[in-house]
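Asker: Sequence and computational prediction follow.
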There are 2 protein chains.
Amino acid sequence: MLTRVRSAVANFMGGIMAGSSGSDPANSSELPVRFPYGRPEFLGLSQDEIECSADHIARPILILKETKRLPWSTGYAEVINAGKSTHNEDQASCEVIFVKKKPGIHATPSKNSTKRRSSLPNGEGMQVKESPEADGITLSYWALFDGHAGAGAAVVASKLLQHHIVDQLQGIVEILKNSAVLPPTCLGEEPETANNNRTLTRAASLRGAAGAPGSPSTPQTRFFTEKKIPHECLVIGAIENAFREMDLQIEQERSMYNISGGCTALIIVYLLGKLYVANAGDSRAIIIRNGEIIPMSSEFTPETERQRLQYLAFMQPHLLGNEFTHLEFPRRIQRKEIGKRMLFRDFNMTGWAYKTIEDDDLKFPLIYGEGKKMGPEALLCTRASLAFCLGISLELNRSLSSGSCDGNHWSNPGAWRSRFEGP
Amino acid sequence: MLTRVRSAVANFMGGIMAGSSGSDPANSSELPVRFPYGRPEFLGLSQDEIECSADHIARPILILKETKRLPWSTGYAEVINAGKSTHNEDQASCEVIFVKKKPGIHATPSKNSTKRRSSLPNGEGMQVKESPEADGITLSYWALFDGHAGAGAAVVASKLLQHHIVDQLQGIVEILKNSAVLPPTCLGEEPETANNNRTLTRAASLRGAAGAPGSPSTPQTRFFTEKKIPHECLVIGAIENAFREMDLQIEQERSMYNISGGCTALIIVYLLGKLYVANAGDSRAIIIRNGEIIPMSSEFTPETERQRLQYLAFMQPHLLGNEFTHLEFPRRIQRKEIGKRMLFRDFNMTGWAYKTIEDDDLKFPLIYGEGKKMGPEALLCTRASLAFCLGISLELNRSLSSGSCDGNHWSNPGAWRSRFEGP
């Protein structure tokens, strides 16, 4: 039964993806890899060392050769898992990047306007302070990718996600640097002072809101109900869109390259005095201070994603193929139980109810299991196969007061860990 | 412009609903009303008094004539709004109900197995204690419905929602009463003692999980990964499904009856020592103890519902007709701004980014405004057009430890307040 399900999942994933998910080596092995496999660049390992790191008996712990190699006194440690996969499928990257503003914020995006200061190979550029240069912003970037069913997606994400973030930020460099003035709703409008509560007549604002064509000579039309968007929300939007672009790129490039498996993404961006934490999938960022653990992100679990995925499957049942059901049951159902009444829950329920079992309910459930049921301490120990440790005590207060949209101080873009995976 | 949008909303709602939304009186007025308009039954008002209560100048505050009329020393007060509508479109109900168990939990549901002890007209049945009777459960029920665009939906919900809850509970009366034993996953299985951690061999559980046909004489097959569902989750599931059934019934009966408008729903069910609070829409339940305000539910706002509705519209664009866009902008866009870059956010974003304005972006936004931006204190004052006040100090500890599914101690079923309404 489990083999049948695994095969169904593999066939199904193969059908969704233009290329291959790595579960189907017959197809993907004919395609070139997007990037060669390796360990994180900042470790500076030789090919021999990379091979030794995959020793499942010795399980060497890999750490940085030079403690000054990464910014913020960043520590790093990784170890191969205890036999789950031949290679370590997880990846990491860390860079200090200078984002150069576009020639003009109204201009078409230019692909080569970014100057990148790599942290590699010898650490040059690591001591870059925030540049007073008028034409850009320096950001620090840390990223972990927990790969599964192959290292391909994690390798690609570790090489390219930072490019997508830079692409998204380039158009708003000037706006972000000008912290005294709120981001303009419409580019080209006269900006508004951040601390200035406008006084407007209601009549004037309604004139604008009603969309009446104003005189072309009217310099600006103000609106009574106009949301004020703080700078931090633009950074969050940029990171969210970068995650989506990365997801799309991997999906598209699977037709040309062998990009195996899926991965989580957990990134930290330090920009203009604030830390931004974004994650997709079941990795988690924490801060430890005086023995206290402060969660900085919430990992995705079958519980947190259940209703979203059940709803998607309910709306787009063809995505389930003929192999899955969007309903959840407390356990697998046996054929002999058809006709009996069993507990279930649908996308609109947090509670449970009984339904009469039908043939369709024997299909494999889209949502299965509960994920890891552990407190942060246990997570810290068991997921330490790959971890950054930042020297951020000085920055903590700033990070905890970081920008907020809708009351969240971090964002949870969609995961590009494969959406329809089996147990 | 606003008139055009209002007309579009009305036409559009008329198209979705088989009957009428009340915005289109030309059609609906030909149909009979489902229930005659009135004020809550427990107020015991005469027709004259009902007419007086709608006096927008005097605005009399209606309270209970007899303080012992409702259970739990429940207080109640309402007042007509300051001119927004001719009649008070809000409704309320309060009952003590005895839910009789079905003849057998395997039997087909019987529609007339419920004995209802109405709180009306003279308060008899109000002093009903939880009955030791073996064949049922007594529950207390309070409900508020904030109607809009007509009182029809609120009146129907105030008359019928409790029936749907009883319908859902009937099949599980015996299970709920047997608190020492966890609800069986499959009816007909031998139940499991609530505090008994089963010891199972892994082999036996895998045999079950693999779905191998067991010998018919095997009394029970246990599963290694079987979720344990507590009793409270069955009550939550019953209330969630009752909300959905009520929603469906109103939708279906609009082809036969004139059921105008929409409404929120905020209900409290006291059952077997626990309070359950469920809400749909922008009403809120609170407990006030020693001046401290304890929120017992979270109202829906354009902010809390934004991503769900944007996602639905993205997946099913035909629901938007040709009048709405699923994108959010900080304010309405003017035609002359086409081609400029403006802040927006899509369903996958909590942050904001810039996009070039196209013709489609001039459509009316599906999500508009932010809802009420007030703390609980302000809400308490401004939404007091209709409110219950329960004497629940003795029950408070029990209520706060009430059942939990997924960590929520209340449930938020989908609103049947019209989904695609204008500003």
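Answerer: Yes, it's here.
Asker: C-alpha only now, for contacts and for neighbours.
Answerer: Fine.
Asker: how long is stretch A:344-356 from one end to the other?
Answerer: 10 Å (C-alpha to C-alpha, to the nearest Å).
Asker: Tell me if it is near chain B.
Answerer: Yes - on the criterion C-alpha under 8 Å from any C-alpha of the partner chain, stretch A:344-356 is in touch with chain B at A:Arg345, A:Asn348, A:Met349, A:Thr350, A:Gly351, A:Trp352, A:Ala353.
Asker: Ranking by neighbours, what's the top pick from the residues you listed?
Answerer: A:Gly351 (29 neighbours; other C-alpha atoms under 10 Å in any protein chain shown).
Asker: Quick one: residues contacting it.
Answerer: A:Arg345, B:Glu232, B:Cys233, B:Leu234, B:Val235, B:Ile236, B:Gly237, B:Ala238, B:Glu240, B:Cys405 (C-alpha atoms under 8 Å, 6 or more residues apart in numbering or on different chains).
Asker: hmm, back to that, as JSON lines, the residues of stretch A:344-356 next to chain B with secondary structure and pLDDT would be great.
Answerer: Below are the residues of stretch A:344-356 next to chain B laid out as JSON lines (DSSP: H, G, I helix; E, B strand; the rest coil; pLDDT from 0 to 100):
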{"residue": "A:Arg345", "secondary structure": "strand", "pLDDT": "95"}
{"residue": "A:Asn348", "secondary structure": "coil", "pLDDT": "90"}
{"residue": "A:Met349", "secondary structure": "coil", "pLDDT": "94"}
{"residue": "A:Thr350", "secondary structure": "coil", "pLDDT": "93"}
{"residue": "A:Gly351", "secondary structure": "coil", "pLDDT": "95"}
{"residue": "A:Trp352", "secondary structure": "coil", "pLDDT": "96"}
{"residue": "A:Ala353", "secondary structure": "strand", "pLDDT": "96"}
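Asker: Name the pair among those residues with the greatest separation in space.
Answerer: A:Asn348 and A:Ala353 (11.8 Å; C-alpha to C-alpha).
Asker: Common neighbours of the two, please.
Answerer: In terms of C-alpha under 8 Å, 6+ apart, A:Asn348 and A:Ala353 are not both contacted by any residue.
Asker: re earlier: kindly reformat the residues of stretch A:344-356 next to chain B as CSV containing distance to B:Phe329.
Answerer: As requested, those are arranged in CSV below (distance: C-alpha to C-alpha, whole Å):
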residue, distance to B:Phe329
A:Arg345, 35
A:Asn348, 28
A:Met349, 31
A:Thr350, 32
A:Gly351, 35
A:Trp352, 38
A:Ala353, 40
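Asker: Now do the helices in the stretch 251-400 of chain A.
Answerer: Applying DSSP state H, counting those that start in this stretch to the stretch 251-400 of chain A gives helices spanning A:302-315, A:376-382, A:396-400.
Asker: quick one: average pLDDT of the last one?
Answerer: In other words, helix A:396-400. Helix A:396-400 shows a mean pLDDT of 26.
Asker: From one end of stretch A:32-48 to the other, what's the distance?
Answerer: This stretch, stretch A:32-48, spans 23 Å end to end (C-alpha to C-alpha).
Asker: Which positions within that stretch qualify as buried?
Answerer: For stretch A:32-48, a neighbour-count test (16 or more other C-alpha atoms under 10 Å in any protein chain shown) marks A:Val33, A:Arg34, A:Tyr37, A:Gly38, A:Arg39, A:Pro40, A:Glu41, A:Phe42, A:Leu43, A:Gly44, A:Leu45 as buried.
Asker: Same list (those) but as a markdown table, adding distance to A:Leu160, secondary structure and pLDDT.
Answerer: Output for the buried residues of stretch A:32-48, formatted as a markdown table (distance: C-alpha to C-alpha, whole Å; DSSP: H, G, I helix; E, B strand; the rest coil; pLDDT from 0 to 100):
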| residue | distance to A:Leu160 | secondary structure | pLDDT |
| --- | --- | --- | --- |
| A:Val33 | 14 | strand | 92 |
| A:Arg34 | 11 | coil | 93 |
| A:Tyr37 | 14 | coil | 94 |
| A:Gly38 | 15 | coil | 94 |
| A:Arg39 | 15 | coil | 95 |
| A:Pro40 | 13 | coil | 94 |
| A:Glu41 | 13 | helix | 93 |
| A:Phe42 | 15 | helix | 93 |
| A:Leu43 | 18 | helix | 93 |
| A:Gly44 | 19 | coil | 91 |
| A:Leu45 | 20 | coil | 92 |
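Asker: one step back: just put the contacts of A:Gly351 in JSON lines and tack on secondary structure.
Answerer: Listed next are those as JSON lines, based on DSSP: H, G, I helix; E, B strand; the rest coil:
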{"residue": "A:Arg345", "secondary structure": "strand"}
{"residue": "B:Glu232", "secondary structure": "helix"}
{"residue": "B:Cys233", "secondary structure": "helix"}
{"residue": "B:Leu234", "secondary structure": "helix"}
{"residue": "B:Val235", "secondary structure": "helix"}
{"residue": "B:Ile236", "secondary structure": "helix"}
{"residue": "B:Gly237", "secondary structure": "helix"}
{"residue": "B:Ala238", "secondary structure": "helix"}
{"residue": "B:Glu240", "secondary structure": "helix"}
{"residue": "B:Cys405", "secondary structure": "strand"}
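Asker: Would you state the strands of the stretch 151-300 of chain A in chain order?
Answerer: With DSSP state E, counting those that start in this stretch as the criterion, the stretch 151-300 of chain A has strands at A:181-182, A:192-193, A:262-263, A:265-271, A:274-280, A:286-289, A:292-295.
Asker: Kindly export stretch A:86-101 (C-alpha atoms) in PDB.
Answerer: This file holds the C-alpha atoms of stretch A:86-101, laid out as PDB (Å, rounded to 0.1, in the frame of the first residue of the first chain):
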ATOM      1  CA  THR A  86      23.400   9.800   0.600                       C
ATOM      2  CA  HIS A  87      24.200  13.500   0.600                       C
ATOM      3  CA  ASN A  88      23.300  16.300   2.800                       C
ATOM      4  CA  GLU A  89      20.300  17.800   1.000                       C
ATOM      5  CA  ASP A  90      20.200  21.000   3.000                       C
ATOM      6  CA  GLN A  91      21.900  24.200   1.900                       C
ATOM      7  CA  ALA A  92      22.800  27.600   3.200                       C
ATOM      8  CA  SER A  93      24.100  30.900   2.000                       C
ATOM      9  CA  CYS A  94      25.200  34.200   3.600                       C
ATOM     10  CA  GLU A  95      26.100  37.400   1.800                       C
ATOM     11  CA  VAL A  96      26.400  41.100   2.300                       C
ATOM     12  CA  ILE A  97      24.900  42.700  -0.700                       C
ATOM     13  CA  PHE A  98      24.900  46.300  -2.000                       C
ATOM     14  CA  VAL A  99      21.600  47.100  -3.700                       C
ATOM     15  CA  LYS A 100      22.100  49.900  -6.200                       C
ATOM     16  CA  LYS A 101      19.100  52.000  -7.000                       C
END
